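Trainee: only geometry, no sequence info:
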């Protein structure tokens, strides 16, 4: 059977180990060739090919539920569930998503973009199954990096207290999340995977003792204690922690031996209650370049399969925002030993790996634990340090309570750096940084800013590390504009002060962050139609520069706001509120992301669909305020 013929995972049933091994090679080849062309996550999926085949060989996927954590390790799952013919569209607009989506396929039982959610979701399904009197298996496949997230540990703690609830947790242990795992749990797992596999005492031990004449029946309580003692002796360093938490532990199992995996999963399905199967895998398995560089090949832009090298751009690109940020932060940290950079398992993505390499004592990776990261930062701040928490906008949402309670209520100087703010592209709805403006600006004591370009970002980094209270800076994924940068001598910005970039009497355009330049371009287009705009770079959404904005809005009488984030409660809402509070009743048109989920696509494709290109902005301004002057905008 060829992989292309598999449209339902149950077609794996009855195939020999040799046939499954052939399919494993085909999965790796399809996976590798597709990511080489489209870009995407590579190492995680390559490492779980045999695990997926072995598990699905033992399940009835018409009934049983498998939850993947995180979704980027589920590319083999996608190839086995009817998406082979469309897999070449991976991460493209209207194509196969890079993560799991319930609306994409009936076998995607739970959406997975953020880590550490699978055990909670699978346990919820198992509890619902039992309440409804149904019969199906609930399986969570969790990467070992996701165990650094507290939510996974909370779920394990809960499941262990439900001894009659059948739940299978498959721990995919490759000693990696994106970067190498940190913390005590991964270190303990590493000891496990280096230990020799040990089989537990068989359930028939008690029956054997009962056969002893005269003493068998009288030993029942003692037998129970004896079994537990022998179990502890049999598993000294392997699964004692999970056993104490109420799980039956099996492993470690070779995650690339299909025969052993099938036998193990068949055994696990027979054990009542919560069971954890510990599977040792190699991230990037089958592609030597990815095996040797497991961090670099976690995800890749399009690359040459033969060499592993990225396909060069047709023209030079300006430096990425993350690169400018990390370079600036390292320079400042060299001069100020109180600056401490904090990441939640995203050192390479945020650029903090540069700080780690240069100043390791001023760098902390907490693992996939955003809540802990923020309260840790608060603790550092109480002792006079200058913590810089560098976390993707979408992931900071997970620490909202900590931002309010532990930082803002106590008015502590924590600098939040929100990478990947706005439209991020191919990762889709779970990773779009849409909500940070709205969810941060309502918190007392919080200051919020966004740079119009990479040079202004440098000044904002200085502003952030010197501010006396909570302060946040959002900046986008991708490259800057190529504006001149400074190596040092940066000056902090005056808090709450914007700037005028262009003057005109017909319409006031107020841009925030990445939408300032499109606003300038829209003003140029409007000028060609005889309409002159004043353009403001707001810089700050909180506090707003009302001294600058309100008089101009009153004088000009037409206001446009531009932001790359949700319009509900966002920057435009802040402007409208300020005008209303000042009794300035002028028409306001807000441009941003409406109340929709932005799916995976190239950022420019998404912006076009949302009407956020400079030409679309100009055309909509003409239609809204100058209908008698409307003409085609090209």
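Mentor: Nice, thanks for sending it over. Everything numeric here is computed off the predicted structure, so don't read it as measured data.

Trainee: list the contacts for residue 394?
Mentor: 113, 114, 420, 424, 430, 431, 432, 433 (C-beta atoms under 8 Å, 6 or more residues apart in numbering). (Glycine included, C-beta is placed from N, CA and C.)

Trainee: What's the per-residue pLDDT of the spatially closest residue to residue 480 that is not a sequence neighbour here?
Mentor: Nearest-residue entry for residue 480: residue 454, 3.3 Å, with adjacent residues in sequence omitted and distances by C-beta to C-beta, 6 or more residues apart in numbering. At residue 454, the predicted lDDT confidence score is 97.

Trainee: Could you report the neighbour count for the nearest residue in space to residue 343 that is not next to it in sequence?
Mentor: Nearest residue to residue 343, sequence neighbours excluded (C-beta to C-beta, 6+ apart): residue 352, at 4.7 Å. With neighbours defined by other C-beta atoms under 10 Å, the count for residue 352 comes to 27.

Trainee: tell me the contacts of residue 37?
Mentor: By C-beta under 8 Å, 6+ apart, the neighbours of residue 37 are 88, 302.

Trainee: Can you classify it by secondary structure?
Mentor: Here residue 37 takes the helix state, with states given by DSSP: H, G, I helix; E, B strand; the rest coil.

Trainee: Could you pull up the contacting residues of the residue nearest to residue 480?
Mentor: Per C-beta under 8 Å, 6+ apart, neighbours of residue 454: 318, 319, 321, 324, 480, 481, 483, 485.

Trainee: Test my guess that the fourth one contacts residue 457.
Mentor: Yes - here residue 324 lies in contact with residue 457, judged by C-beta atoms under 8 Å, at a distance of 5.8 Å.

Trainee: so what's in contact with the two at the same time?
Mentor: Common neighbours of residue 324 and residue 457 (C-beta under 8 Å, 6+ apart) are residue 480.

Trainee: Just give me the closest of the contacts of residue 454 to residue 276.
Mentor: residue 321 (40.5 Å; C-beta to C-beta).

Trainee: For that closest one, give me the backbone phi and psi.
Mentor: phi -60, psi -40 (degrees, to the nearest 10).

Trainee: Residue 430 now?
Mentor: According to degrees, to the nearest 10, residue 430 has phi -70, psi -20.

Trainee: Likewise for residue 8?
Mentor: When read as degrees, to the nearest 10, the backbone of residue 8 gives phi -140, psi 130.

Trainee: element containing residue 576, please.
Mentor: helix 571-581 (DSSP states H and E).

Trainee: Then residue 589?
Mentor: strand 588-593.

Trainee: buried set for the helix holding residue 576?
Mentor: 571, 572, 573, 574, 575, 578, 579 (16 or more other C-beta atoms under 10 Å).

Trainee: Distance to residue 336 and pLDDT added to those, as JSON lines?
Mentor: JSON lines is the format used below for the buried residues of helix 571-581 (distance: C-beta to C-beta, whole Å; pLDDT from 0 to 100):
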{"residue": "571", "distance to residue 336": "31", "pLDDT": "98"}
{"residue": "572", "distance to residue 336": "36", "pLDDT": "98"}
{"residue": "573", "distance to residue 336": "36", "pLDDT": "98"}
{"residue": "574", "distance to residue 336": "32", "pLDDT": "98"}
{"residue": "575", "distance to residue 336": "35", "pLDDT": "98"}
{"residue": "578", "distance to residue 336": "35", "pLDDT": "98"}
{"residue": "579", "distance to residue 336": "40", "pLDDT": "98"}
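
Trainee: Distance to residue 615 added to those, as CSV?
Mentor: Below are the buried residues of helix 571-581 laid out as CSV (distance: C-beta to C-beta, whole Å):
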residue, distance to residue 615
571, 21
572, 20
573, 25
574, 26
575, 23
578, 29
579, 27
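
Trainee: Give me the packing partners of the strand or helix carrying residue 129, helices and strands only.
Mentor: Using DSSP H and E, residue 129 maps to helix 118-132. For helix 118-132, the packing partners by 3 or more C-beta pairs under 8 Å, 6 or more residues apart in numbering; DSSP states H and E come out as strand 65-69, strand 138-143, helix 150-159, strand 167-173.

Trainee: Tell me which of the ones you listed lies nearest to residue 494.
Mentor: Across the helices and strands packed on helix 118-132, residue 494 has its closest neighbour in helix 150-159 (39.0 Å, C-beta to C-beta).

Trainee: got the contact list for the closest one?
Mentor: Counting by C-beta under 8 Å, 6+ apart, 69, 115-120, 123, 142, 146-147, 165, 167, 169, 242, 245-247, 274, 369, 371-372 sit against helix 150-159.

Trainee: Flag every buried residue along it.
Mentor: 150, 151, 152, 153, 155, 156, 158, 159.

Trainee: Taking those residues, tell me the two that lie furthest apart.
Mentor: 150 and 159 (14.8 Å).

Trainee: sec struct for the nearest residue to residue 574 once chain neighbours are set aside, please.
Mentor: In this structure, residue 574 finds its nearest non-sequential neighbour in residue 541, 5.5 Å apart by C-beta to C-beta, 6+ apart. Using three-state DSSP, the three-state assignment for residue 541 comes out as strand.

Trainee: What residues does residue 541 make contact with?
Mentor: Residue 541 touches 437, 441, 448, 449, 450, 512, 571, 574, counting by C-beta under 8 Å, 6+ apart.

Trainee: what pLDDT does it get?
Mentor: 98.

Trainee: Please report the distance of it from residue 154.
Mentor: The gap separating residue 541 from residue 154 is 34 Å, by C-beta to C-beta, to the nearest Å.

Trainee: Equivalent analysis for residue 9, please.
Mentor: 30 Å.

Trainee: What is the burial count for residue 62?
Mentor: Residue 62 has 11 nearby residues by other C-beta under 10 Å.

Trainee: you'd agree it is up against residue 10?
Mentor: Yes - Residue 62 lies in contact with residue 10 (C-beta under 8 Å); the separation is 6.5 Å.

Trainee: quick one: contacts for the residue nearest to residue 64 when sequence neighbours are not counted?
Mentor: Among residues not flanking residue 64 along the chain, residue 137 sits closest, at 4.2 Å (C-beta to C-beta, 6+ apart). By C-beta under 8 Å, 6+ apart, residue 137 lies in contact with 59, 63, 64, 65, 166, 168, 269.

Trainee: Can you give me the neighbour number for the fifth one?
Mentor: Which is residue 166. 19.

Trainee: any idea how far residue 536 is from it?
Mentor: Taken as C-beta to C-beta, the span from residue 166 to residue 536 is 60 Å.

Trainee: circling back to that earlier point, name the nearest of the buried residues of helix 571-581 relative to residue 608.
Mentor: Once C-beta to C-beta is applied, the member of the buried residues of helix 571-581 that ends up nearest residue 608 is residue 572, at 19.8 Å.

Trainee: measure that closest one to residue 538 for me?
Mentor: Counting by C-beta to C-beta, the gap from residue 572 to residue 538 is 11 Å.

Trainee: Contact partners for residue 14?
Mentor: So residue 14 contacts nothing (C-beta under 8 Å, 6+ apart).

Trainee: got the phi/psi numbers for it?
Mentor: According to degrees, to the nearest 10, residue 14 has phi 90, psi -10.

Trainee: Look up how far residue 342 lies from it.
Mentor: 51 Å.

Trainee: follow-up on the earlier one: the residue nearest to residue 343 contacts residue 364, correct?
Mentor: No - judged on C-beta under 8 Å, residue 352 makes no contact with residue 364 at a distance of 9.2 Å.

Trainee: can you list residues touching both of the two?
Mentor: Between them, residue 352 and residue 364 share the contacting residues 341, 343, judged by C-beta under 8 Å, 6+ apart.

Trainee: Burial check on residue 239, number of neighbours?
Mentor: Number of residues near residue 239 (other C-beta under 10 Å) recorded here: 24.

Trainee: What of residue 626?
Mentor: Residue 626: 16 neighbours (other C-beta under 10 Å).
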